[in-house]
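Peer 1: Whatever this is, show me its structure:
(one chain, ligands or ions: 2)
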Amino acid sequence: PRKIIIDTDPGQDDAVAILLALASPEEIEVLGITAVAGNVPLPLTQRNARIVCELAGRPDTRVFAGCDKPLRRPLVTAEHVHGKTGLDGPSLPEPTMPLQDAHAVDFIVETLRQEPSESVTLCPLGPLTNIASAMMAAPDIVPRIREIVLMGGAYFEVGNITPAAEFNIYVDPEAADVVFSSGVPLTVMPLDVTHKALVTKDRNDAFRALGTTVGVAVAQMTEFFERFDKEKYGSEGAPLHDPCVTAHLICPDLFAGRHVNVEIETNSPLTLGMTVADWWRVTGRSPNAMFMGSVDDEGFFALLTERLGRL
Ligand code: BDR
Ligand code: CA
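Peer 2: Ligands and ions are numbered 1, 2, ... in the order given. The predicted model follows:
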């Protein structure tokens, strides 16, 4: 299996991404989960990460708390999407599994130094603060990272937190800039992909029909998440942003995109956090990211539902 660290700010869709990874031990070995401030503040994201591990029946998973605010800006959160706890919808028990003592950034650095070079993949599902902090604190780890597969950014779909920017990149654009200019191979799931992974009524019914605690909880999470997208965008269902990352590790053929240059806007107040993707290769800048654009949504939901059924 591929060794990964999931860096996350759960978030209902983060929760589903984590469940999918933990349900797929043949393909994925989760070395640890690192929480970051994002959708909600850090005390809630680290708590939610532990709730999700317990829901998956994997209280042995190591969960670390990381940065509680972006590198250089005040934290922007998204309770308007995810609810007050970040994981509104199902009522799940308070976690009893421990939070690890080490800081998430130290865990990322130490793991990359200990594991064979180019064997560990990082999977960021929130603002990139922990990842950029690790790269800045220990530049020697950068060439040791096999790949970073992340959810963030947008091209044709532009923004969901401002007209120009997607939430994860907007919250910490300086951190995103560090990651996108690091030279590490990047695979990016922007809104262009994730807005095609919609939980329609039938798909939600299929989660519930699993008849398990996990299936029902995922149905309740996506129902809560959906209310926002339906009201606000008239969308057909909740977009499952973050699970695109873990699905890609299991079944990369579900996704298609282009290897392009992507730069992050860190100055303009109007377009702060925009992922400027050179889709039509109009600059001479070298490609630094596999920027995905489409997903086989039927295949994606078939995989997800089947795997959730294993938990
Ligand atoms: C991203 O922002 C968060 O609200 C979601 O969890 C996802 O990671 C989508 O823009
Ligand atoms: Ca997230």
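
Peer 1: Tell me the first helix or strand C-terminal of the helix or strand of the chain at the bottom of the mean pLDDT ranking.
Peer 2: Of all helical and strand segments in the chain, the minimum by mean pLDDT, DSSP states H and E falls on helix 213-233, at a mean of 84. Moving toward the C-terminus from helix 213-233, the next helix or strand (DSSP states H and E) is strand 238-239.

Peer 1: What helices and strands are in contact with that following strand?
Peer 2: When contacts are defined as 3 or more CB pairs under 8 Å, 6 or more residues apart in numbering; DSSP states H and E, strand 238-239 sits against helix 12-22, strand 198-199, helix 213-233. Where C-beta positions appear, they are placed from N, C-alpha and C, glycine not excepted.

Peer 1: what about 10 Å?
Peer 2: Applying 3 or more CB pairs under 10 Å, 6 or more residues apart in numbering; DSSP states H and E, we find strand 238-239 packed against helix 12-22, helix 191-194, strand 198-199, helix 213-233.

Peer 1: right, and the ones you listed - which one's nearest ligand 1?
Peer 2: Among these, the nearest to ligand 1 by CB to the nearest ligand atom is helix 12-22 (4.7 Å).

Peer 1: would you put the C-alpha positions of the closest one in PDB?
Peer 2: Taking C-alpha atoms only, helix 12-22 is exported to PDB below (Å, rounded to 0.1, in the frame of the first residue of the first chain):
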ATOM      1  CA  GLN A  12     -17.900  16.600   6.400                       C
ATOM      2  CA  ASP A  13     -16.200  16.100   3.100                       C
ATOM      3  CA  ASP A  14     -12.800  15.700   4.800                       C
ATOM      4  CA  ALA A  15     -14.500  13.100   7.000                       C
ATOM      5  CA  VAL A  16     -15.700  11.100   4.000                       C
ATOM      6  CA  ALA A  17     -12.100  11.300   2.500                       C
ATOM      7  CA  ILE A  18     -10.700   9.900   5.700                       C
ATOM      8  CA  LEU A  19     -13.300   7.100   5.900                       C
ATOM      9  CA  LEU A  20     -12.500   6.100   2.200                       C
ATOM     10  CA  ALA A  21      -8.700   5.900   3.000                       C
ATOM     11  CA  LEU A  22      -9.200   3.900   6.200                       C
END
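
Peer 1: Quick one: distance of stretch 209-219 to the chain centre.
Peer 2: With CA atoms, centre = their mean, to the nearest Å as the basis, stretch 209-219 stands 21 Å off its chain's centre.

Peer 1: would you say His259 is within a helix?
Peer 2: No. Going by DSSP: H, G, I helix; E, B strand; the rest coil, the assignment for His259 is strand, not a helix.

Peer 1: got a list of what it touches?
Peer 2: 185-187, 281, 286-291 (CB atoms under 10 Å, 6 or more residues apart in numbering).

Peer 1: cutoff 6 Å now
Peer 2: By CB atoms under 6 Å, 6 or more residues apart in numbering, the contact list for His259 reads 287, 290.

Peer 1: What of Pro1?
Peer 2: Neighbouring residues of Pro1 by CB under 6 Å, 6+ apart: 27-29.

Peer 1: ok, now Thr34?
Peer 2: Applying CB under 6 Å, 6+ apart, the residues near Thr34 are 7, 64, 66, 104, 130.

Peer 1: bridging residues for it?
Peer 2: Beta-bridge pairing for Thr34 (DSSP bridges): Asp7, Phe64.

Peer 1: and Ala78, how many residues sit next to it?
Peer 2: Close neighbours of Ala78, defined as other CB atoms under 10 Å, add up to 19.

Peer 1: pretty sure it is touching Ala37, no?
Peer 2: No. Between Ala78 and Ala37 no contact is recorded; they are 11.2 Å apart, counting by CB atoms under 6 Å.
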